[in-house]
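J.: here are the coordinates; sequence isn't available:
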Ligand SMILES: Cc1cc2nc3c(=O)[nH]c(=O)nc-3n(C[C@H](O)[C@H](O)[C@H](O)COP(=O)(O)OP(=O)(O)OC[C@H]3O[C@@H](n4cnc5c(N)ncnc54)[C@H](O)[C@@H]3O)c2cc1C
Ligand SMILES: NC(=O)c1ccc[n+]([C@@H]2O[C@H](COP(=O)([O-])OP(=O)(O)OC[C@H]3O[C@@H](n4cnc5c(N)ncnc54)[C@H](O)[C@@H]3O)[C@@H](O)[C@H]2O)c1
């Protein structure tokens with residue numbers, strides 16, 4: 001490569017979904033872009049997170065739905081076809097190969113440099129290729145850190161030697177463990193407990209807090225806990241793990257427990273243990289110290305995704321690495337915003353649109369980020385919970401509805417169980433948060449996102465008529481209860 005080729009308008013560190021989108025937006029705006037990737041193009045999402053986890057969960061949910069539908073119950077009574085489920089998961093990860101994504105980058109006109117990238121100084125990135133060769137890239141306008149996150153493991157005696165599963169093993173395992181202990185009560189824990197239980201493992205879920213999904217409306221965790229227990233998962237709340245031991249490499253793992261839920265026999269044995277205990281930023285070895293930032297920290301960005309405290313304003317961070325919302329779709333949204341910001345600044349546009357909901361700010365990260373938890377029942381939420389809204393000082397009214405009372409829901413599944421909540425800002429007369437829990441509610445969520453993001457006045461929402469008999473008629477019930 002000649003030296004001239006190593007100068008680009010934008011350098012993107014990390015080719016996960018966010019880096020790919022940012023490079024694409026910058027390129028579409030007429031800038032030259034290069035992307036640096038140390039593992040697989042497509043990132044965590046494609047190979048060890050969203051795609052494989054949802055491929056494992058889809059048949060679980062399809063079977064559960066069938067079992068609740070008179071006429072097909074009998075046909076769905078048997079176990080899952082485990083080899084077929086795992087093979088489908090493998091296909092969705094392209095068997096952990098990234099040729100297709102490499103081709104896409106090429107077709108999009110984005111250059112790729114494989115290797116580990118480190119920031120070497122203002123607008124400079126040095127890449128060490130797998131064969132040890134080094135190459136320095138220079139950016140005319142911006143460097144964007146899209147290096148994502150990795151599983152965070154607690155400091156626990158014996159953990160390193162116990163070969164724990166993280167989200168990577170939980171999404172890529174080729175065999176169903178006989179007994180799986182899952183530590184954590186967040187999204188990875190409940191989704192993976194759902195999947196591996198349905199695939200045949202005996203699952204024990206160890207939660208140090210009082211319930212599941214603590215960042216969501218309380219009824220979400222309660223309904224998911226009820227369903228997991230009915231599915232045969234042993235749920236132990238108020239239970240912490242204090243030690244992990246695997247005496248024989250091929251033998252079982254013993255967990256020592258503490259807390260009110262630990263009980264008299266404060267150890268359990270399992271064949272595998274999954275730590276689903278949150279994420280850590282992949283910023284420990286990207287040269288942050290060379291630009292006055294602390295390695296290993298989440299990158300602090302403003303609403304345009306520009307990293308704060310870097311003279312010259314050339315450093316951006318989007319996706320998990322900035323910790324605004326650890327979700328693929330929010331990271332890609334940030335990538336679209338940051339791409340537009342970088343292009344506007346490169347073109348010398350005098351003013352950016354930085355008022356809330358403007359073209360150059362990621363307002364939805366804080367005001368309207370949607371999330372679907374693909375458990376059975378599903379949880380779908382957007383915006384603020386009632387508790388979040390109250391602690392932000394908003395004057396709110398909360399309206400709850402039993403989803404099982406909606407005609408479309410009772411047709412969808414026999415004995416449909418679910419609940420919906422809307423949080424109304426009384427001073428602004430629009431929704432600021434909505435949560436649905438129940439089978440198939442994931443596909444309802446975008447209606448709620450529109451209401452929250454577009455700040456549709458309640459009186460106008462009243463004219464949005466849900467089709468009969470669909471689950472979306474819950475909107476009518478919520479609005480009737482609100483208007484009285
Ligand atoms: C089990 C699981 C399931 C999930 N399911 C969902 C879901 O259903 N929906 C959803 O919205 N979100 C989901 N998430 C979250 C989602 O995976 C992340 O939010 C998303 O992957 C973030 O994208 P990213 O591009 O920021 O980072 P990543 O996907 O982590 O990609 C970062 C890339 O940067 C590369 N990289 C890192 N450091 C360097 C370096 N120094 N040099 C070169 N390359 C580097 C990495 O190799 C990687 O390819 C899930 C997460 C987990 C763990
Ligand atoms: N469907 C989806 O959208 C989806 C699916 C999976 C993951 N994700 C994203 O990935 C991110 C990571 O998920 P996650 O579940 O790993 O993190 P999380 O932050 O959602 O949950 C981690 C849980 O582990 C607990 N915990 C932390 N340290 C612990 C310890 N030492 N012992 C016991 N418990 C401990 C926490 O209290 C928390 O409840 C989430 O922010 C989520 O948004 C999204």
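T.: Okay, I see it. Worth saying up front: this structure is predicted, and the values here are computed from it rather than measured. Ligands and ions are numbered 1, 2, ... in the order given.
J.: Provide the count of other residues in contact range of the residue nearest to residue 320 when sequence neighbours are not counted.
T.: Spatial nearest neighbour of residue 320, chain neighbours left out: residue 149 (3.9 Å); criterion: CB to CB, 6 or more residues apart in numbering. Quick note: C-beta positions are derived from backbone N, CA and C, even for glycine. Neighbour count of residue 149, defined by other CB atoms under 10 Å: 21.
J.: And the one 4 residues further on, by the same measure?
T.: The local packing of residue 153 (other CB under 10 Å) involves 15 other residues.
J.: Next one: it, what pLDDT does it get?
T.: In the prediction, the pLDDT value recorded for residue 153 is 97.
J.: Give me the pLDDT value at the residue lying closest to it once chain neighbours are set aside.
T.: Sequence neighbours aside, residue 275 is the residue nearest to residue 153 in space, at 5.4 Å (criterion: CB to CB, 6+ apart). If you check residue 275, the pLDDT there is 98.
J.: Same check on residue 261?
T.: Value for residue 261, per-residue pLDDT: 84.
J.: Next: residue 351.
T.: Per-residue confidence at residue 351 stands at 82 (pLDDT).
J.: State the number of residues packed around it.
T.: 7.
J.: Same check on residue 290?
T.: 15.
J.: so it, which of the three states?
T.: Put simply, residue 290 is helix when judged by DSSP: H, G, I helix; E, B strand; the rest coil.
J.: Spell out which parts of the stretch 101-250 of the chain neighbour ligand 1.
T.: Neighbours of ligand 1 within the stretch 101-250 of the chain, by CB under 6 Å from any ligand atom: 116-117, 146-149, 167, 171, 188.
J.: Tell me which two of these sit farthest apart.
T.: Greatest spatial distance in those: 117 and 188, 26.8 Å, computed using CB to CB.
J.: close enough to count as contact, the residue nearest to residue 153 and residue 160?
T.: No. Taking contacts as CB atoms under 8 Å, residue 275 lies outside contact range of residue 160: 11.6 Å.
J.: what about the residue nearest the centre of the chain, distance to residue 464?
T.: Centroid-nearest residue in the chain, with CA atoms, centre = their mean: residue 327, separated by 3.4 Å. Distance, residue 327 to residue 464, by CB to CB, to the nearest Å: 26 Å.
J.: now the residues of the stretch 101-250 of the chain next to ligand 1 as TSV including secondary structure?
T.: TSV is the format used below for these (three-state DSSP):
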residue	secondary structure
116	strand
117	strand
146	coil
147	coil
148	coil
149	strand
167	helix
171	helix
188	helix
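J.: Output these as JSON lines; include the columns pLDDT.
T.: Supplementary listing: these in JSON lines, determined by pLDDT from 0 to 100:
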{"residue": "116", "pLDDT": "98"}
{"residue": "117", "pLDDT": "98"}
{"residue": "146", "pLDDT": "98"}
{"residue": "147", "pLDDT": "98"}
{"residue": "148", "pLDDT": "98"}
{"residue": "149", "pLDDT": "98"}
{"residue": "167", "pLDDT": "98"}
{"residue": "171", "pLDDT": "98"}
{"residue": "188", "pLDDT": "98"}
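J.: Could you list which of those also contact ligand 2?
T.: residue 188.
J.: Is residue 289 in contact with residue 297, as I believe?
T.: No. Counting by CB under 8 Å, residue 289 does not reach residue 297; the two are 10.9 Å apart.
J.: higher neighbour count, those two?
T.: residue 297 (14 against 11).
J.: Going along the chain, name the strands of the stretch 151-300 of the chain.
T.: 179-183, 202-206, 234-236, 240-245, 253-258, 267-270, 272-275, 279-281 (DSSP state E, counting those that start in this stretch).
J.: most neighbours per residue, which of the ones you listed?
T.: Highest mean neighbour count among the strands of the stretch 151-300 of the chain (mean count of other CB atoms under 10 Å): strand 272-275, with a mean of 26.
J.: What helices and strands are in contact with that one?
T.: helix 167-172, strand 179-183, strand 253-258 (3 or more CB pairs under 8 Å, 6 or more residues apart in numbering; DSSP states H and E).
J.: let's go with 6 Å and repeat that
T.: Here strand 272-275 touches strand 179-183, going by 3 or more CB pairs under 6 Å, 6 or more residues apart in numbering; DSSP states H and E.
J.: tell me the contacts of the residue nearest to residue 124 when sequence neighbours are not counted?
T.: In this structure, residue 124 finds its nearest non-sequential neighbour in residue 138, 5.7 Å apart by CB to CB, 6+ apart. Taking CB atoms under 6 Å, 6 or more residues apart in numbering as the criterion, residue 138 is in contact with 7, 123-124.
J.: what does residue 142 give?
T.: Listed by CB under 6 Å, 6+ apart, the contact set of residue 142 reads 10, 314, 316, 342.
J.: Those in strands, which ones?
T.: 10, 316 (DSSP state E).
J.: got TSV for the contacts of residue 142, with pLDDT and distance to ligand 2 too?
T.: Shown next, in TSV, are the contacts of residue 142 (pLDDT from 0 to 100; distance: CB to the nearest ligand atom, whole Å):
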residue	pLDDT	distance to ligand 2
10	98	27
314	98	28
316	98	21
342	97	26
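J.: What is the nearest of the contacts of residue 142 to residue 98?
T.: residue 10 (21.0 Å).
J.: Tell me, how many residues neighbour the closest one?
T.: 29.
J.: you'd agree it is up against residue 32?
T.: No. Judged on CB atoms under 6 Å, residue 10 makes no contact with residue 32 at a distance of 7.3 Å.
J.: There's contact between residue 441 and residue 376 in this structure, I believe.
T.: No. Between residue 441 and residue 376 there is no contact under CB under 6 Å: 11.1 Å.
J.: Which one's more surrounded, these two?
T.: More crowded of residue 441 and residue 376, by other CB under 10 Å: residue 441, with 25 against 21.
J.: show me the contacts for the more buried one.
T.: Each residue near residue 441 by CB under 6 Å, 6+ apart is listed here: 378, 380.
J.: How many residues are close by residue 460?
T.: When neighbours are counted by other CB under 10 Å, residue 460 comes out with 12.
J.: Helix, strand, or coil at it?
T.: Residue 460 ends up helix, using three-state DSSP.
J.: Any stretches of the protein with poor pLDDT?
T.: By pLDDT under 70, the low-scoring segments of the chain are 1-5, 265.
J.: Can you show me the helices along the stretch 1-150 of the chain?
T.: Ranges of helices within the stretch 1-150 of the chain are 17-28, 43-48, 50-67, 82-92, 99-107, based on DSSP state H, counting those that start in this stretch.
J.: Which strands and helices lie in contact with the first one?
T.: Contacting helix 17-28 under the criterion 3+ CB pairs under 6 Å, 6+ apart are the following elements: strand 7-13, strand 33-37, helix 328-346.
J.: what does the last one contact?
T.: Translated: helix 328-346. Contacts of helix 328-346 (CB under 6 Å, 6+ apart): 10, 17-18, 21-22, 25-26, 29, 31, 45, 50, 141-142, 304-305, 316, 318-319, 352, 360, 362, 365, 369.
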